[in-house]
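> everything below, folded, please.
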Amino acid sequence: MVTIKDVALRSGYSITTVSKALNNYSDISENTKHKILDLCDEMGYIPNLSARSLVTQKSYTIGIIFEALTGVGLEHPLFSKILESFKSIVETSGYDIMFLSKNMGKQNGSYLQHSKRKQVEAIFVLCGEFDKPEMSNLYKSDIPTLVIDYGYAGVLNVTSNNKSGVFQAIKYLKELGHKSIANIYGGQKSYIGKQRKAYFKEALKKYDLEYNEDFIVLGEAFSKEDGYKAMNKLLELKEQPTAIFCASDMLAIGAMQAIRQAGKSVPEDYSIIGFDGIDLGQIITPRLTTIKQDTYKMGIIAANHILQMIQDKTKINVGETFTVDTYLISGETTKVLR
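You can find the predicted model right below:
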């Protein structure tokens, strides 16, 4: 097995310099780092992470909290994309990711206890019951923590510009001639659920459109099943909307299914617009009109700020929110109302 001493002898650098190159220290030149790293690849040297952790007192591990409340798990079409770009960045900086559980074996515990036991250097909260007391304890700890789509004082948050996205959707529907617009909204325990419902009402007011309480229907878990149930409630109304804004693409896909089963069609009878821009929405027929979230950019921003907090502890608990722009994808589920 090739050792760090072998790399040092072959390269002509000291063991200390080789170690600094492997750990990305800033006090050696980029040229030296590249020479040493290239030689490591050539010689097949694999750093002993356990030994490195003992020397540096670093685990080089970032904990991931992904509590799939909807039961979809890592197949979730939005969060899996964010995690993909996040992982690509932290891995290039030498970090592994580890999924955290509240419980270990038969022992009850908390995310904070598990994080300390596993000595993770930071925590990325993708999905979970953000406002539970045990999560508050985590946010207040000295472990750098960043969340997706949840505003909490003292915790870094990366989210899409939900206001701009909802306003884009309603403006687009108005430009198509729609005046009676329904909203299938997400659960109000969630940060984005509250935001998108509130912004829907604001957008109607801004664009001089009538707000009809009967047109506001809950789609609790943002799922296809919830969209299906919510649309069936709308179909029972005497007065019908001409367009439906859904708080997620999965809600929109479920609503489309209910419309088809009722013997009606999209966009001939109802225009539908979603929110997320997931891949599935762009391969179904008709192709979904939606507000696209830049999941790639969200993951990149999250990764870079977590790495900054690991390097500079003064950036922990600053409570800043980083907002990523959305944009409209014009599909085939909306039409001009004549």
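> looking at this protein, which helix or strand is least sure?
Lowest mean confidence among the helices and strands of the chain (mean pLDDT, DSSP states H and E): helix 49-56, at a mean of 52.
> elements contacting the next helix or strand after that helix?
Using DSSP states H and E, the helix or strand that directly follows helix 49-56 along the chain is strand 61-66. Strand 61-66 sits against helix 79-92, strand 96-99, helix 111-117, strand 122-127, with contacts defined as 3 or more C-beta pairs under 8 Å, 6 or more residues apart in numbering; DSSP states H and E. In this view, the C-beta of every residue, glycine as well, is placed from N, C-alpha and C.
> winner for burial among these?
Highest mean neighbour count of the helices and strands packed on strand 61-66: strand 122-127, a mean of 25 (counted as mean count of other C-beta atoms under 10 Å).
> restricting to C-alpha, output the following helix or strand past that one in PDB.
As assigned by DSSP H and E, the chain's next helix or strand after strand 122-127 is helix 133-139. In PDB, the C-alpha atoms belonging to helix 133-139 read as follows (Å, rounded to 0.1, in the frame of the first residue of the first chain):
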ATOM      1  CA  PRO A 133     -38.300  21.700  19.600                       C
ATOM      2  CA  GLU A 134     -35.600  19.200  18.900                       C
ATOM      3  CA  MET A 135     -34.900  21.000  15.600                       C
ATOM      4  CA  SER A 136     -34.700  24.300  17.600                       C
ATOM      5  CA  ASN A 137     -32.100  22.800  19.800                       C
ATOM      6  CA  LEU A 138     -30.100  21.900  16.700                       C
ATOM      7  CA  TYR A 139     -30.300  25.400  15.200                       C
END
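> for helix 133-139, which helices and strands make contact with it?
When contacts are defined as 3+ C-beta pairs under 8 Å, 6+ apart, helix 133-139 packs onto helix 111-117, strand 122-127.
> so which bits of that helix are buried?
Using 16 or more other C-beta atoms under 10 Å as the burial criterion, the residues of helix 133-139 that qualify are 135, 138-139.
> what's the answer for stretch 330-337, then?
For stretch 330-337, by 16+ other C-beta under 10 Å, it's 331, 333-335.
> which residues of the protein fall in strands?
In the chain, the segments counted as strands under DSSP state E are 61-66, 96-99, 122-127, 145-148, 156-160, 181-185, 216-218, 243-246, 271-276, 289-293, 321-324, 326-329.
> so which residues make contact with the fourth one?
Taking contacts as C-beta atoms under 8 Å, 6 or more residues apart in numbering, the residues outside strand 145-148 that touch it are 79, 82, 122-127, 130, 138-139, 155-159, 298, 302, 305-306, 309, 316.
> name every strand pairing with that strand and say which way it goes.
For strand 145-148, the paired strands and their directions (DSSP bridges) are strand 122-127 (parallel), strand 156-160 (parallel).
> what angle do the longest one and strand 61-66 make?
Inter-element angle recorded for strand 122-127 and strand 61-66: 20 degrees (by axes from the mean of the first three to the mean of the last three C-alpha atoms, to 10 degrees).
> what's strand 122-127 in contact with?
With C-beta under 8 Å, 6+ apart as the test, strand 122-127 has contacts from 62-69, 76, 79, 82-83, 86, 97, 100, 111, 115, 135, 138, 143-148, 150, 302, 306, 309-310.
> next: the last one.
The contact list for strand 156-160 (C-beta under 8 Å, 6+ apart) reads 145-151, 191-192, 293-294, 298, 301-302, 305, 309, 318-326.
> give me the mean pLDDT for that strand.
Strand 156-160 shows a mean pLDDT of 94.
> and the contacts of strand 156-160, which of them are buried?
For the contacts of strand 156-160, a burial check counting by 16+ other C-beta under 10 Å picks out 145-150, 191-192, 293-294, 298, 301-302, 305, 309, 324, 326.
> sorry, back to before: nearest approach to Thr92 belongs to which of the helices and strands packed on helix 133-139?
Closest approach to Thr92 among those is made by strand 122-127 (15.6 Å; C-beta to C-beta).
> report the angle between that closest one and helix 79-92.
Comparing the axes of strand 122-127 and helix 79-92 via the same axes, to 10 degrees yields an angle of 170 degrees.
> what separates strand 122-127 from the chain centre, distance-wise?
The chain centre lies 10 Å from the centre of strand 122-127; the measure is C-alpha atoms, centre = their mean, to the nearest Å.
> could you dump the buried residues of helix 133-139 into TSV with pLDDT and distance to Ile272 added?
Below are the buried residues of helix 133-139 laid out as TSV (pLDDT from 0 to 100; distance: C-beta to C-beta, whole Å):
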residue	pLDDT	distance to Ile272
Met135	83	34
Leu138	86	38
Tyr139	86	37
